[in-house]
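**Q** Build the 3D model from these lines:
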Amino acid sequence: MQNVTDRTSNPFDMRPPCDAFVAGYGDANADFHVVGDHPGVHGGADSGIPFTDTPAGNRLREALRAGGVLGDDDESNNVFFSYLHACVPDGEPTDDDYRDLEPFFDAELRAITAHVLLPVGERATRHVLANYTAIAPDDVILSEVHATELHGSGWLVVPCLDPAGWSDDQEADYVDALRAVVATDYHREADLGRFLVGPESYTVR
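**A** Numbering: from 1, shown residues only. As a prediction, the model looks like this:
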């Protein structure tokens, strides 16, 4: 299935319950989906584009470019960016705030249906592991799985520590992990042809 839209910003017209928010941005048919925390952490309140306007966001984008996920000119073909909490917060969001916005994030993630999820930081990684893999997040120490391929239920997950605190070695490890994924057949599809009358195949992400 392909999404038919030429919109790069908020392609599914998500409207979270707030006046100011940073909508999902990128290729609606992306293979890679970068998942961040909220605009107060990873930026975009001014530009309207996730992972901009902050040192952490800029460093992540540099790593994505070096890893072959993002084009040299920040072209967003084949990658989509979004936040667990898209609203621009007044202070630190509460657990209830995250729960209120989770349906918007989940709907967008399932609409994009990327093959590879790239959660950034502790909260995003725990959320992705808890909801899109069979891995118990409480059993995972992020520093130990940084830049590691984890297999979820239909997704390949490659988490990373928050770029604001990366050492040079951690950045290099993440770039190497991205290059390794890009160089392999990372596509994760299921053939539902067995449910059809004829012999043809029908694959979905």
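**Q** Let me see the confidence value for the residue most central in space within the chain.
**A** Centrality entry for the chain: nearest residue to the mean C-alpha point is residue 34, 2.3 Å, by C-alpha atoms, centre = their mean. The model reports residue 34 with a pLDDT of 98.
**Q** three-state assignment of it?
**A** Of the three states, residue 34 takes strand according to DSSP: H, G, I helix; E, B strand; the rest coil.
**Q** C-terminal to the longest helix along the chain, what's the next element?
**A** Ranked by residue count and defined by DSSP state H, the top helix of the chain is helix 95-112. Following helix 95-112 in sequence order, the next helix or strand is strand 116-119 (DSSP states H and E).
**Q** Over that following strand, what's the mean pLDDT, rounded is fine.
**A** Rounded mean pLDDT across strand 116-119 is 98.
**Q** Over to stretch 155-164?
**A** 97.
**Q** Just list the residues touching the residue nearest to the centre of the chain, thanks.
**A** When contacts are counted by C-beta atoms under 8 Å, 6 or more residues apart in numbering, residue 34 touches 50-51, 60, 64, 79-82, 118, 120. All C-beta atoms are positioned from the backbone trio N, CA, C, and that covers glycine.
**Q** just to revisit the earlier point, list the buried ones in the longest helix of the chain?
**A** Going by neighbour count (16 or more other C-beta atoms under 10 Å), the buried part of helix 95-112 is 97-98, 100-101, 104-105, 108-109, 112.
**Q** Same question for stretch 138-150.
**A** 140, 142, 145-147, 150.
**Q** Farthest-apart pair in those residues, please.
**A** Of all pairs drawn from those, the widest gap by C-beta to C-beta lies between 140 and 147 and measures 13.5 Å.
**Q** what's next to the helix or strand containing residue 177, contact-wise?
**A** Per DSSP H and E: residue 177 is located in helix 168-182. The contact list for helix 168-182, computed with C-beta under 8 Å, 6+ apart, reads 59, 63-64, 66-69, 116, 146-149, 156, 158, 160-161, 163, 166.
**Q** Tally up the residues packed near the residue lying closest to residue 7 once chain neighbours are set aside, please.
**A** Leaving out its chain neighbours, the residue that sits closest to residue 7 by C-beta to C-beta, 6 or more residues apart in numbering is residue 28, at 7.2 Å. Burial of residue 28 is recorded as 19 neighbouring residues (other C-beta atoms under 10 Å).
**Q** can you confirm residue 28 is in a strand?
**A** No. Counting by three-state DSSP, residue 28 is not part of a strand but coil.
**Q** Touching, it and residue 11? I think so.
**A** Yes. In terms of C-beta atoms under 8 Å, residue 28 counts as a neighbour of residue 11; the distance is 4.2 Å.
**Q** For residue 173, see how far away the residue nearest to residue 7 is.
**A** Distance of residue 28 to residue 173, given as C-beta to C-beta, to the nearest Å: 30 Å.
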